[in-house]
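Q: Return a 3D structure for these sequence lines:
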Amino acid sequence: MADEYEQIINQIGNFGPFQRLIFILINLGDLQTAWSMLLPVFINAKPHWTCIEQPVQYNVTNTVNITQKTNVSDNSCSTDCNIVYAPDFTSIQSEWSLICDHKFIGTLTTTLQMLGVLFGALILSQLSDLFGRKKVWYGAIAVNAVFSIATAFSTSWQMFSVFRFIVGFCLGGLLNINYLYPMEFIGPKWRPLCGNIGLWQIGVASLSLFAYFIRDWRILTLATSIPPLFMLLTWWVIPESPRWLAMRKRYKESEEILTQMALRNNRSIPEFRNMRNFVEEEDRKRGMSKKFTYFDLFRTPKMTMYTLILMYAWFVCSAVFYGLSLNIKNLAGDRYINNMIGGLVDIPAVLLVIYTANAPWCGRKRTLFSGMLLAGITLIGVLFLKLAEKSLTEVAFGQATVALAMTGKFGIAVSWSASYLIAAEIFPTLMRSIGSGACSIAARIGGIVAPQFVFLHEIWSPFPFIVFGSIAIISALTVIVLPETRGKPMPDAIPEWSWTSCKDSKDSKHSELPMSDIHNNKVDIDVLDDNHLEQSSTEILLKCDQGQTKEFFAV
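A: Residues are numbered from 1 along each chain as shown. Just a heads-up that it's a prediction; the model follows:
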């Protein structure tokens, strides 16, 4: 119902006062997702400790005992000493002594959170299609807040891990719905801008302020978990998506919301009859069309190549983005300032993409390539900086490392925004959501392995940067073969399976290959040229003549 719905939105206002209010309120959810997602940077921080060996007592006289501390060492893992943690902050590592032989557990808890994000993205996104954006969105906010609060009362790292998995599960749905929900109220003119602007960056920066003033990990968890509960009060302000309601044939509810939007925007109430007729027609066509799966993304060699390149690009963006965010705790300097800078660098990155992705001299592909290459080169640069460490002062080395890390994060933020655009424009219409879903799954896997990449710091401090830089450069080289999508119509045609071809035969017969489109007819390929080829919603008859085979690539 794209055209009819867009016409109605144009009539009632693309981004009027009512839509702006909804956009702001829903985007407040970005604060919760940023706080919950990156909270492990502080509550899972590695503490400084002192290892004090058991004191030895000497009886000098009958009345005087002299106690001598035989050895005191910093961050030692000796088994014959008392561990005393520095009092500047607390974390789950100091709470349950997740150091030395148990240091992997801290990384494991974050990995389980990211695993929850993967499952949440798969399940909650489907539930939002079945039961509506509003119910699932508010449900995820409530459950996320409740289990975040429960995290603060964990009595073991095992309990903590279970709660963080559930929190991650909710985050997986919120990350998707936070983007999709407000877009269904806004006209196409404003979607590119609104789709790239949110409060995630503000959430990351404000988390640094919370952590700076609240040094106890339990209180910090409560401070970032309780405020999102106030979002539930907006239930009576934010309506269900009128687009979702219309597609579910709940026309009366959809029309009431659209009417309210028109009145709040001081616009005339549009005619809804065409929208109803179009939904009914689309529903009839969908019943006749083929249902596509993830396997259909690999119909042709070219389509397979594009799919794998984009999936890898999303994997890299997620692994490097979250990896650099989590690795901030290992950088020199003040980690609170570093985390704030790491969040704020995303703002100019997004603004740059809005300009370059639409510029004739650049476009989506060059923006993605440039961001990946910038991230890869700067992060690999940490290796060469480490090799030259002896010629630098400790302060200069630390500051240079932070500068390269932040530049790399800027580059990967550019790449991720650009990859969203390309994924939305390169897949055929009826497979677009499947293509984006496959890329999203790859991104969630990148988020799962990100904490493991960060853990390589325990072996050698440049290792995480070497891994991040290497996979980014590889991705930059692969995106070169992608087509430029700026200014080009999004593809609608579904390519036939072309990994095998018809064999030449004098007695060759017509073979039926299903294809989906808006027409319900049968077309003989031989009577059409490439400029007038029409698809059938039920089948296309492909004829292999003697010595001739026709191949079709929609991408």
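
Q: Using the three-state scheme, assign N266.
A: Recorded secondary structure, N266: coil (DSSP: H, G, I helix; E, B strand; the rest coil).

Q: Contacts only, for it.
A: G16 (C-beta atoms under 8 Å, 6 or more residues apart in numbering). Placement of C-beta: from N, CA and C, glycine included.

Q: The same query, at a cut-off of 10 Å, please.
A: 12-13, 16-17 (C-beta atoms under 10 Å, 6 or more residues apart in numbering).

Q: Could you tell me which of the residues you listed belong to helices?
A: Judged by DSSP state H, the contacts of N266 include 12, 17 as members of helices.

Q: Would you reformat the contacts of N266 as JSON lines and include distance to L28 and pLDDT?
A: As requested, those are exported to JSON lines (distance: C-beta to C-beta, whole Å; pLDDT from 0 to 100):
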{"residue": "I12", "distance to L28": "24", "pLDDT": "88"}
{"residue": "G13", "distance to L28": "22", "pLDDT": "86"}
{"residue": "G16", "distance to L28": "19", "pLDDT": "90"}
{"residue": "P17", "distance to L28": "17", "pLDDT": "92"}
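
Q: Which of the contacts of N266 are buried, as a PyMOL select command?
A: Buried members of the contacts of N266, defined by 16 or more other C-beta atoms under 10 Å, are picked up in PyMOL with:
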select buried, resi 12+13+16
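
Q: Quickly check the contacts of N266 for the two that are furthest apart.
A: Largest separation among these by C-beta to C-beta: I12 and P17, giving 11.4 Å.

Q: anything in contact with each of the two?
A: By C-beta under 10 Å, 6+ apart, I12 and P17 have these common neighbours: 261, 264-266.

Q: For this protein, which segments count as strands?
A: Per DSSP state E, the chain carries strands over the ranges 49-53, 56-59, 65-68, 72-74, 81-85, 511-513, 540-542.

Q: Flag the shaky bits of the chain, pLDDT-wise.
A: 1-3, 54-75, 78-80, 282-283, 285-290, 429-430, 490, 492-493, 500-555 (pLDDT under 70).

Q: Which positions within stretch 262-275 qualify as buried?
A: Those would be 262, 265, 270, 272, 275, for stretch 262-275 by 16+ other C-beta under 10 Å.

Q: cool, stretch 184-195 as well?
A: In terms of neighbour count (16+ other C-beta under 10 Å), stretch 184-195 has its buried residues at 184-187, 190, 194-195.

Q: How about N176: what's its closest non-neighbour residue?
A: Among residues not flanking N176 along the chain, S125 sits closest, at 4.8 Å (C-beta to C-beta, 6 or more residues apart in numbering).

Q: Who are the contact partners of A476?
A: A476 makes contacts with 313, 316, 368-377, 411, 415, as judged by C-beta under 10 Å, 6+ apart.

Q: let's go with 6 Å and repeat that
A: Each residue near A476 by C-beta atoms under 6 Å, 6 or more residues apart in numbering is listed here: 369, 372-373, 376.

Q: Let me see the contact set for the closest residue to W416 other than its chain neighbours.
A: The shortest distance from W416 to any non-neighbouring residue, by C-beta to C-beta, 6+ apart, is to C317 (4.0 Å). Residues counted as contacts of C317 (C-beta under 6 Å, 6+ apart) are 412, 415-416, 419.
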